[in-house]
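Visitor: coordinates only, no sequence provided:
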């Protein structure tokens, strides 16, 4: 139940991030809704399709659809006030990627995949909704460009899970710690402006 | 048989809309063919993948491939004359989205999904070929931008189906009426220039 | 074993082509890796998803992931020297599309599909990694624009396979000849600057 609430808060944050990008592009109401939807559920959809899980999760569980509809409505209505929620949205988004990473990871483990593939699926779950959002808005995906510690936080969270499996840890804590790792890495990176090293000369 | 012919006419109209966009971008013959193909079958492909129907329909039924090849050839050859067919193409396209909506809807119903998901699948079937076409041509999808009543017509058609299920209607008419709803809504919107409300101040 | 080595050399060539495009766009290390990965495995992934083969091949066989990681590292480190490898890379890429075409073709045959669909799957396997690479980099896919004989070589290779099935040929040679056809057609086209005919007046 606790995880489910976090999951839905992540969905709210992802949807609103999509709504803000869509409104910057001055899309119409249908476009804003689709971009919000894809940002929230695109990563998990790609993960499910790669794994062959079908129908994809959101076709079965209608709660996501209603949460997204509400978030789109809220985002459009209070778009001028959203700047006051920037910190809340960053926090929801960060908790969201932490949780989505672990959900993807778990599905990979359940399918008996190699750890590196589980980490890849976790990262795809957390980050590729944003990739689809940017492609639909005709931009090079922001997580490919900004050198930000975003996908990297998800990867480190995934690595921490497999390090933890080497120890005799019981219960859900083995999933809780990686979520915390993602969140802490991401928030530290934002706070201290940590970036990936550049591979270009003048950058 | 009647529905199958309408389906193929819709395929022709979608393919030619793709060919026209591709030629505006001055793509080469291979590019024109792929854009035509994706416009016609992309929406149904996404629907099948989300539902886990595999292999996707067009890999099994080769008729679509041949109809698309013929339509691409026709579209390229008679591109200067296509403007005289504008009204026919609009009509085919409109009938096509009506039919595709209901095909998607039916597949969702057959999979036992919630009405809102069936309507979503119908809309995806009808509209997302055009979304893929625009992404491949490096444009923000036109149905996200123009405030046109296009996806909205599909959604209303889907809603009408579930309203009809509340009444004791027999036979295929329960599928025929939503097709007519999509067509009428779309044609009225084109005729009277109906648009979605804008969410921006000066628009 | 021989085919597997060619397959991996193709993966190296595709990855490095992705790395070069990504670095031209000045993407960050994560973006460079994803573009390299998608260029190498995107075509096969689309093929597997269309056929309903799941989990997709690269989630099961981790070798691809490690080969791609190594190739990305190599490509970034020696990017200034890559111009000296242009001919080797063209050769690897050409052998790669030849092999990928036949791998896609075989999977279509194994699924009992019509020859034209098998050829389509072979072409998708060989060419659509590059399509995804270009979309992620916000470009119209190069194989839709340049009139180059690239996808056409894959199509001709696929046709040659089905012509060969009309003769009593035994063993692996029926797969080897189409690979050679793709390679020869592509290399002749590069050498003599062969192009698809233009469908535009001044071109």
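Guide: It's in. Everything quoted here is computed from the prediction, not taken from an experiment.
Visitor: when you work out contacts or count neighbours from here on, use the C-alpha atoms and nothing else.
Guide: OK.
Visitor: residues contacting the helix or strand that residue A:75 is a member of, please?
Guide: For residue A:75, the host element (DSSP states H and E) is helix A:63-77. With contact meaning Cα atoms under 8 Å, 6 or more residues apart in numbering or on different chains, helix A:63-77 is reached by A:8, A:11-12, A:15-16, A:19-20, A:32-33, A:36-37, A:40, A:58, A:82, B:199.
Visitor: just the buried subset of the residues you listed, written out for PyMOL, thanks.
Guide: The following PyMOL command selects only the buried members of those, with burial defined by 16 or more other Cα atoms under 10 Å in any protein chain shown:
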select buried, chain A and resi 8+11+12+15+16+19+20+32+33+36+37+40+82
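Visitor: helices - which of the contacts of helix A:63-77 land there?
Guide: Among those, the subset assigned to helices under DSSP state H consists of A:8, A:11-12, A:15-16, A:19-20, A:32-33, A:36-37, A:40, A:58.
Visitor: now those residues as JSON lines including pLDDT and distance to chain B?
Guide: Converted to JSON lines, the ones in helices among the contacts of helix A:63-77 look like this (pLDDT from 0 to 100; distance: Cα to the nearest Cα, whole Å):
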{"residue": "A:8", "pLDDT": "87", "distance to chain B": "18"}
{"residue": "A:11", "pLDDT": "92", "distance to chain B": "18"}
{"residue": "A:12", "pLDDT": "92", "distance to chain B": "19"}
{"residue": "A:15", "pLDDT": "94", "distance to chain B": "16"}
{"residue": "A:16", "pLDDT": "92", "distance to chain B": "15"}
{"residue": "A:19", "pLDDT": "93", "distance to chain B": "12"}
{"residue": "A:20", "pLDDT": "90", "distance to chain B": "12"}
{"residue": "A:32", "pLDDT": "96", "distance to chain B": "7"}
{"residue": "A:33", "pLDDT": "96", "distance to chain B": "9"}
{"residue": "A:36", "pLDDT": "96", "distance to chain B": "12"}
{"residue": "A:37", "pLDDT": "97", "distance to chain B": "12"}
{"residue": "A:40", "pLDDT": "96", "distance to chain B": "16"}
{"residue": "A:58", "pLDDT": "95", "distance to chain B": "9"}
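Visitor: next, the contact list for the residue of chain A found nearest chain B, please.
Guide: In chain A, the residue found nearest to chain B is residue A:31; the distance is 3.8 Å by Cα to the nearest Cα. With contact taken as Cα under 8 Å, 6+ apart, residue A:31 is in contact with A:22, B:143, B:144, B:145.
Visitor: how many neighbours does the second one have?
Guide: The criterion is other Cα atoms under 10 Å in any protein chain shown. On that basis, residue B:143 has 21 neighbouring residues.
Visitor: for residue B:150, see how far away it is.
Guide: As defined by Cα to Cα, to the nearest Å, residue B:143 lies at a distance of 7 Å from residue B:150.
Visitor: any regions of chain A where pLDDT drops low?
Guide: For chain A, the stretches flagged by pLDDT under 70 are A:1, A:202-203.
Visitor: what does it put close to chain C?
Guide: Proximity of chain A to chain C is assessed by Cα under 8 Å from any Cα of the partner chain, with A:49-52, A:113-114, A:117, A:135, A:138-141, A:143-147, A:151-152, A:196-200 identified as the residues in range.
Visitor: just the residues you listed: which are in helices?
Guide: A:49, A:50, A:51, A:117, A:135, A:151, A:152.
Visitor: neighbour-wise, which one of those leads?
Guide: Within those, most neighbours by other Cα under 10 Å means residue A:151, with 25 neighbours.
Visitor: hmm, residue A:127 and that one touching each other?
Guide: Yes: counting by Cα atoms under 8 Å, residue A:151 touches residue A:127, with 6.4 Å between them.
Visitor: could you tell me which residues touch both of those two?
Guide: Applying Cα under 8 Å, 6+ apart, one finds that residue A:151 and residue A:127 are jointly contacted by residue A:143.
Visitor: how close does residue A:192 get to chain C?
Guide: Using Cα to the nearest Cα, to the nearest Å, one gets 19 Å for the distance from residue A:192 to chain C.
Visitor: residues of chain A that sit close to chain B?
Guide: Of all the residues in chain A, those in contact range of chain B (Cα under 8 Å from any Cα) are A:26-32, A:45, A:49, A:52-56, A:59-60, A:62, A:76, A:135-138.
Visitor: mark which of these are buried, thanks.
Guide: Judged by neighbour count, with 16+ other Cα under 10 Å as the criterion, the buried members of the residues of chain A next to chain B are A:26-32, A:45, A:49, A:52-56, A:59, A:76, A:135-138.
Visitor: contact partners for residue A:158?
Guide: Residues A:101, A:102, A:105, A:118, A:119, A:122, A:178 are the ones in contact with residue A:158 under the rule Cα under 8 Å, 6+ apart.
Visitor: in chain A, what residue lies closest to chain C?
Guide: For chain A, the residue closest to chain C is residue A:144, as judged by Cα to the nearest Cα, at 3.8 Å.
Visitor: tally of neighbours for that residue?
Guide: Neighbourhood size, residue A:144 [other Cα under 10 Å]: 25.
Visitor: over to residue A:71?
Guide: Here the count is done by other Cα under 10 Å, and residue A:71 has 22 residues near it.
Visitor: ok, now residue A:155?
Guide: Using other Cα under 10 Å, residue A:155 is surrounded by 22 other residues.
Visitor: who are the neighbours in contact with it?
Guide: By Cα under 8 Å, 6+ apart, the contact set of residue A:155 is A:119, A:120, A:122, A:123.
Visitor: and the next helix or strand past the helix or strand hosting it?
Guide: Following DSSP H and E, one finds residue A:155 within helix A:151-164. If you walk from helix A:151-164 toward the C-terminus, the next helix or strand you reach (DSSP H and E) is helix A:173-192.
Visitor: buried set for that next one?
Guide: For helix A:173-192, burial by neighbour count (16+ other Cα under 10 Å) applies to A:174-175, A:177-187, A:189.
Visitor: report the distance from that helix to the chain centre.
Guide: 13 Å (Cα atoms, centre = their mean, to the nearest Å).
Visitor: what do you get for stretch A:21-40?
Guide: Centre to centre, stretch against its chain (Cα atoms, centre = their mean), the figure for stretch A:21-40 is 17 Å.
Visitor: could you do stretch A:148-164 as well?
Guide: Stretch A:148-164 has its average C-alpha position 13 Å from the chain's average C-alpha position, going by Cα atoms, centre = their mean.
Visitor: list the residues that contact the residue nearest to residue A:124 when sequence neighbours are not counted.
Guide: Setting aside the residues directly before and after it, residue A:124 is nearest to residue A:43 in space (Cα to Cα, 6 or more residues apart in numbering or on different chains), at 5.6 Å. Residues counted as contacts of residue A:43 (Cα under 8 Å, 6+ apart) are A:124, A:125, A:126, A:127, A:128, A:129, A:130.
Visitor: by neighbours, which of those wins?
Guide: residue A:126 (33 neighbours).
Visitor: what helix or strand is that one located in?
Guide: Using DSSP H and E, the secondary-structure element containing residue A:126 is helix A:115-136.
Visitor: how about the most centrally placed residue in chain A, what does it touch?
Guide: Nearest to the mean C-alpha position of chain A, by Cα atoms, centre = their mean, lies residue A:126 at 3.1 Å. With contact taken as Cα under 8 Å, 6+ apart, residue A:126 is in contact with A:43, A:44, A:96, A:97, A:98, A:100, A:101, A:104, A:151, A:154.
Visitor: so which of the residues you listed are in helices?
Guide: When the contacts of residue A:126 are checked against helices using DSSP H, the ones located there are A:43, A:44, A:96, A:97, A:98, A:100, A:101, A:104, A:151, A:154.
Visitor: tell me how many other residues crowd the fifth one.
Guide: So that's residue A:98. A total of 31 residues lie near residue A:98 under the criterion other Cα under 10 Å.
Visitor: fine, thanks again, bye for now.
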